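Q: Sharing a sequence plus its predicted fold:
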Amino acid sequence: MNNIRIPKLVSFLKRKYGTDDPEEIADYLGVTIIRMPLEDVVAGFYKLLKRRKYIFLNSDIDDDVFLRVVLAHELGHAIMHPKENCTFMKSKTLLLTSRIEKQANIFAAYLLIDDDMLEEFSGYTEEQFCNCTGFPSELLDLRLV
């Protein structure tokens with residue numbers, strides 16, 4: 001998928017399902033979400049098993065905003081890269097430059113940070129925005145490109 005088309009895809013999904021909640025969209029699309037303990041460095045991953053889509057989230061992570069970012073990222077893989085098995089590492093994935101990881105990050109950025117939110121925080125610095133929302137600065141940077 002072309003990076004330029006990702007915002008349009010996200011907009012379409014939000015309109016079609018009437019939500020920007022990655023968990024609800026996953027449910028509408030038949031993507032199963034499984035929460036379970038994973039290796040310490042793994043926040044989550046997407047896997048295609050016997051033609052069924054699964055997103056695994058690390059149940060040991062108690063940061064709800066970060067888990068929402070991970071879920072949105074993995075949902076991006078499930079939609080845009082359905083045949084690729086992909087892992088979200090706790091500290092590196094938002095900085096990765098591989099094509100599919102960057103696309104999943106852009107998907108998450110547009111799903112979680114909409115125009116209304118940007119307008120609401122228009123007078124804030126990047127640091128203030130991130131402190132208020134809990135989103136990592138890398139996600140905001142992808143949304144503002």
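A: That came through fine. If you're wondering where the values come from, they're calculated on a predicted model, not measured in any experiment.

Q: okay, CA-based contacts and neighbour counts for the rest of this
A: OK.

Q: what does stretch 114-132 contact?
A: If you take CA atoms under 8 Å, 6 or more residues apart in numbering as the criterion, stretch 114-132 is touched by 135-137, 140.

Q: So which bits of it are buried?
A: 129-130 (16 or more other CA atoms under 10 Å).

Q: Between the two ends of it, what distance do you get?
A: Terminal residues of stretch 114-132 are spaced 15 Å apart (CA to CA, to the nearest Å).

Q: Just give me the longest helix of this protein.
A: Of all the elements of type helix in the chain, the one with the most residues (DSSP state H) is helix 64-80.

Q: nearest to Met80, of the contacts of stretch 114-132?
A: Leu140 (20.6 Å; CA to CA).

Q: Packing partners of the longest helix of the chain?
A: Contacting helix 64-80 under the criterion 3 or more CA pairs under 8 Å, 6 or more residues apart in numbering; DSSP states H and E are the following elements: helix 22-28, strand 42-49, strand 52-58, strand 86-89, helix 99-112.

Q: By mean pLDDT, show me the worst of the ones you listed.
A: Among the helices and strands packed on helix 64-80, strand 86-89 carries the lowest mean pLDDT, a mean of 72.

Q: Partner strands of it and their direction?
A: strand 42-49 (antiparallel) (DSSP bridges).

Q: what's in contact with the strand it pairs with?
A: Residues from elsewhere that reach strand 42-49, judged by CA under 8 Å, 6+ apart: 38, 53-58, 61, 67, 70-71, 74-75, 77-78, 82-90.

Q: Great, nothing more from me.
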